[in-house]
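> A structural model of the following input is requested.
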Amino acid sequence: MQSFRTELENPVVERDIIELEKKIRLYREGNIPEEKFRSLRLARGIYGQRQPGVQMVRIKLPYGKMTLEQWKRIADVSDEYSTGNLHLTTRQDIQIHFVSLDRTPEMWARLDLDDITIREACGNTVRNITASDLAGIDADEPFDVIPYADAAFRYFLRNPICQDMGRKFKIAFSSSDADTAWSFMHDLGVIPKVRLENGLEVRGFKVLVGGGLGAQPFLAHVAFDFLEEDELIPYIESVLRVFDRYGERSSRHKARIKFLIQKIGLEEFTRLVKEERAALKAKSLKVDTSVGEVLALPVRGAAIPEYHLAHPEKYAVWKQTNVFEQKQKGYFAAYIRVPLGNIGSGVSRQLIEALRPVIANDVRVTANQGLQLRYILAEDLPYVFSVLETAGFSDPGFDSIADITACPGTDTCNLGISSSTGIAAALEQVIAEEFPELIYNKDIRIKISGCMNSCGQHGVATIGFHGSSLKHQGKVVPALQVLLGGGILGDGKGRIADKVIKVPSRRGPDVVRALLADYNTNRGEGERFNDYYTRREEKYFYELLKPIADLATLQPKDYIDWGQQERFETAIGVGECAGVVIDLVATLLLEGKERLEWSRMALDDGEYADGIYHAYSSFVQTAKALLLREGVQCNTQDGILKDFHKYFIAEGKWPGSDNWPGKDSFRDAVLRINQNTPAEPFAEQYYAEALAFHQQAGAYPRSISQ
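Have a look, this model is predicted:
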């Protein structure tokens, strides 16, 4: 590992990698509990697979952007440490699978050579910040949101306020009112807006908070119709601080911010957010949009090899469905359909080298598991198609009904119930062979997840499926829950799909055939599918699909899932979509000490806000350890602070309670962070109190025994 460390230019990343290597060694030696280590590795993008002994590593690509050099680096890393496959995700990440845990620090070091991170790609953190793939080239955008998305990514990466929250937190930036980043289904989503003040344009954002999919989908609430641009990141920071402090931690199924807002109400949530303002690093933060990467754009007459189009008629269709003119006149963007989001490392390198002369050094992973190429000259489009044709990635119909989104499901995920990739491939075949004209249809979208957690975004699909199971005569049948009617309405509004019926998985193609045949026969002129669904209502579609769901007509093949040979059995592991709650007293005390060390480092570097928050986290972890020792269960940080006062200080158990700053209210003493600007005097005082508290906690058992 030493040789990799010396190559790294970023000391912060180097420290991260050294720490990961150290923690893996301690875990292997039995000095870190399994639960604690799981939380730690998840925050470093390392996720357990369905297959024992190997890991999925998620590579974090803010707003889906990668340079050609980064794409090649990821391909090379996949060859060396994985299987040579790159899996594109609905959150614009890239995942590689079957990685040895012990090789992950070395792999991270390789990725960092091209400024690629895995930090906080998983776990209870701010996940990859997504954005419309149109951002920056969208003719309808009020302004380019990418500088703001990038600033948010950098601001919250390694930020102490969001390293160990109750659950994950997802942020999305749409480019226009078309809302192609699905702001309404995120923990926090924004849409750019411009308004006139004294004849001048002022930039801002419509801000939505508290949305989410999963087993219980929620549409987001409008927090602001217009929040000025320099207020956005401070507002997000305040939201994260509230989520960290008041969010559920015991029951992971109730730990997303949507449940916190449901519990306390939007008005109370807004009040708590405002309370955090004094403690923020910055009350306003102006994003410098004038400084950014200057792209080297393709030039006319670039040297390209001789080529020919094997299927000119297919090129015409591809150009119609996969290409659009950018707002930058004379330049075009082209989409690549990537079936199931899987593209090989060899093909990636082939595309990189062949396309380099005719595209900008800016490739985007799209939210439907594809790729977008930018700044192509019109005369180079036939060459681009020929390159994709040679590589086997020239299918038309990007983001149409024929371009199905699916998570990996039972292929690699612990939570997968029934196959999502197998049924997706079968449905794409049905569309291609029986409804080829639908490659032009961008109204209907099919999305599939292997379970109810909606990684494939089935909850907002026009036609959605999620993996499930049925029982019939003592046998288990792989099944699909059918959902209908989801989608984007625009300007932060959306529709959650209705659960209509459950069918055997093998009959998924029959469901699609029945729905499309009925729609084609009975729709009104120009009537879109969701409007037709609304007019007919859910019960009509239940009756339409009921014969397909009839278990009395099961055939032997119905007991075998897609892509399998043996009879189906449910085999669901423990999911790692969020870290588990650590109830080990010694581990919590060690975490409290670790937070103090981080606090001291931050204060020494003049990072007073970070130092204060690390000290706050030490207070919480230390108090939680003592409460658990007394048998008091804890589920929120705010509850921990209240309970510590109730069970220790109010009852006189805490040594020196009369002199303790929190003798009147431990919670209020700790939450002084909300009343004080993060400056050196308060930061040093607060750190000293946290240090003294932790030292007293270490001596506490001896104190009560005397």
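
> Assess the claim that Ile236 and Leu188 are in contact.
Yes: counting by CB atoms under 8 Å, Leu188 is a contact partner of Ile236 at 6.2 Å. (Glycine included, C-beta is placed from N, CA and C.)

> anything in contact with each of those two?
Any residue near both Ile236 and Leu188 by CB atoms under 8 Å, 6 or more residues apart in numbering counts here, and that gives Ile171.

> that's a helix at Tyr375, yeah?
No: counting by DSSP: H, G, I helix; E, B strand; the rest coil, Tyr375 is not part of a helix but strand.

> Skipping adjacent residues, who's closest to it in space?
Closest residue in space to Tyr375, ignoring its immediate chain neighbours: Ala360 at 3.8 Å, by CB to CB, 6 or more residues apart in numbering.

> Can you classify the one you found as helix, strand or coil?
coil.

> count of neighbours near it?
Burial of Ala360 is recorded as 18 neighbouring residues (other CB atoms under 10 Å).

> show me the contacts for it.
Counted by CB under 8 Å, 6+ apart, Ala360 has contacts Leu295, Ala296, Leu297, Pro298, Arg374, Tyr375.

> Buried ones among the residues you listed?
Buried residues within these, counting neighbours by 16 or more other CB atoms under 10 Å: Pro298, Arg374, Tyr375.

> Dump these into CSV; add distance to Leu470 as well.
Formatted as CSV, these follow (distance: CB to CB, whole Å):
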residue, distance to Leu470
Pro298, 54
Arg374, 46
Tyr375, 50
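
> Closest one to Glu276 out of these, please.
Using CB to CB, Arg374 comes nearest to Glu276 of these, at 38.4 Å.

> Check the gap between the closest one and Asp133 for me.
From Arg374 across to Asp133, the span is 9 Å (CB to CB, to the nearest Å).

> if I look at the two, which residues touch both of them?
What both Arg374 and Asp133 touch, as defined by CB under 8 Å, 6+ apart, is the set Arg364.

> Enumerate every residue touching the residue nearest to Ile336 when sequence neighbours are not counted.
Excluding its sequence neighbours, the residue lying closest to Ile336 (CB to CB, 6+ apart) is Leu371, at 4.2 Å. Counting by CB under 8 Å, 6+ apart, Leu371 makes contact with Leu88, Tyr335, Ile336, Val338, Ile343, Val363, Arg364, Val365.

> So Gly123 is in contact with Ile46, correct?
No: counting by CB under 8 Å, Ile46 is not a contact partner of Gly123; they are 9.2 Å apart.

> Just the strands from the stretch 1-150 of the chain, written as ranges.
For the stretch 1-150 of the chain, the strands defined by DSSP state E, counting those that start in this stretch cover 46-48, 55-59, 65-66, 85-88, 94-99, 130-131.

> low-scoring stretches of this structure, by residue?
Along the chain, the parts satisfying pLDDT under 70 run over 1-8, 291-294, 411-412, 414, 568-584, 656-660, 662, 701-706.

> Can you spell out the domain ranges of it, please?
If you go by automatic domain parsing, the domain ranges for the chain are 2-112, 130-279, 312-391, 412-559, 585-705.

> roughly how far out does the third one sit from the chain middle?
Pointing back at domain 312-391 there. How far domain 312-391 lies from its chain's middle: 25 Å, per CA atoms, centre = their mean, to the nearest Å.

> Quick one: end-to-end distance for it.
Domain 312-391 stretches 16 Å from its first residue to its last (CA to CA, to the nearest Å).

> Identify, from the contacts of Leu371, the entry nearest to Ile446.
The shortest approach to Ile446 among the contacts of Leu371 belongs to Val338, at 15.6 Å (CB to CB).

> Quick check: that closest one vs Leu88, distance?
Applying CB to CB to Val338 and Leu88 gives a distance of 6 Å.

> Equivalent analysis for Ile640, please.
Per CB to CB, Ile640 is found 40 Å from Leu88.

> Identify the single longest helix in this structure, thanks.
In the chain, with assignment by DSSP state H, the single longest helix is helix 680-705.

> mind listing what's buried in that helix?
Phe682, Ala683, Tyr686, Tyr687, Glu689, Ala690, Leu691, Phe693, His694, Gln696, Ala697, Tyr700.

> List the buried residues in stretch 109-119.
Under the neighbour-count criterion of 16+ other CB under 10 Å, stretch 109-119 has Ala109, Arg110, Leu111, Asp112, Asp114, Ile116, Thr117, Ile118, Arg119 buried.

> what residues are up against the second one?
Spelled out, that is Arg110. Neighbours of Arg110 in contact, by CB under 8 Å, 6+ apart: Phe4, Arg73, Asp76, Val77, Glu80, Tyr81.

> Of those residues, which is the nearest to Val194?
The shortest approach to Val194 among the contacts of Arg110 belongs to Arg73, at 37.5 Å (CB to CB).

> Check whether that closest one really touches Asp115, as I assumed.
No: counting by CB under 8 Å, Arg73 sits too far from Asp115 to count as a contact (9.3 Å).

> Surely Ile548 is in a helix?
Yes: assessed with three-state DSSP, Ile548 lies in a helix.

> so who does it touch?
Neighbouring residues of Ile548 by CB under 8 Å, 6+ apart: Val503, Arg507, Asp510, Val511, Ala514.

> what about the nearest residue to Thr89 once chain neighbours are set aside, neighbour count?
Of all residues not flanking Thr89 in the chain, Gln95 sits nearest, at 6.0 Å (CB to CB, 6+ apart). Using other CB under 10 Å, Gln95 is surrounded by 25 other residues.

> who's in contact with Gln95?
So Gln95 contacts Met56, Val57, Arg58, Ile59, Leu86, His87, Thr89, Pro408 (CB under 8 Å, 6+ apart).

> Go ahead and confirm the third one touches Arg44.
This points to Arg58. No: contact criterion CB under 8 Å: Arg58 and Arg44 do not qualify, at 9.7 Å.

> Now for those two: what residues contact both?
Joint contacts of Arg58 and Arg44 (CB under 8 Å, 6+ apart) are Ile118, Ala121, Cys122.

> of the residues you listed, closest to Ile24?
Minimum distance to Ile24 across the shared contacts of Arg58 and Arg44 is 14.0 Å, recorded for Ile118 (CB to CB).

> Quick check: the gap between the nearest residue to that closest one once chain neighbours are set aside and Val77.
The shortest distance from Ile118 to any non-neighbouring residue, by CB to CB, 6+ apart, is to Gly45 (3.1 Å). Counting by CB to CB, the separation of Gly45 from Val77 is 13 Å.

> Please apply the same query to Ala354.
For Ala354, the distance to Val77 equals 21 Å [CB to CB].

> Secondary structure element for Val477, which one?
Secondary structure assigned from DSSP states H and E places Val477 in strand 475-484.

> That strand: what's the following helix or strand?
Moving toward the C-terminus from strand 475-484, the next helix or strand (DSSP H and E) is strand 487-490.

> related to what we said a few turns ago, who is the residue nearest to Thr89 paired with across the strands?
Note on Gln95: beta-bridge partners by DSSP bridges are Arg58, His87.

> go on, Ser449?
His466.

> if we can go back for a sec, identify, out of the strands of the stretch 1-150 of the chain, the most deeply packed stretch.
strand 130-131 (a mean of 30; mean count of other CB atoms under 10 Å).

> Brilliant, that's me finished.
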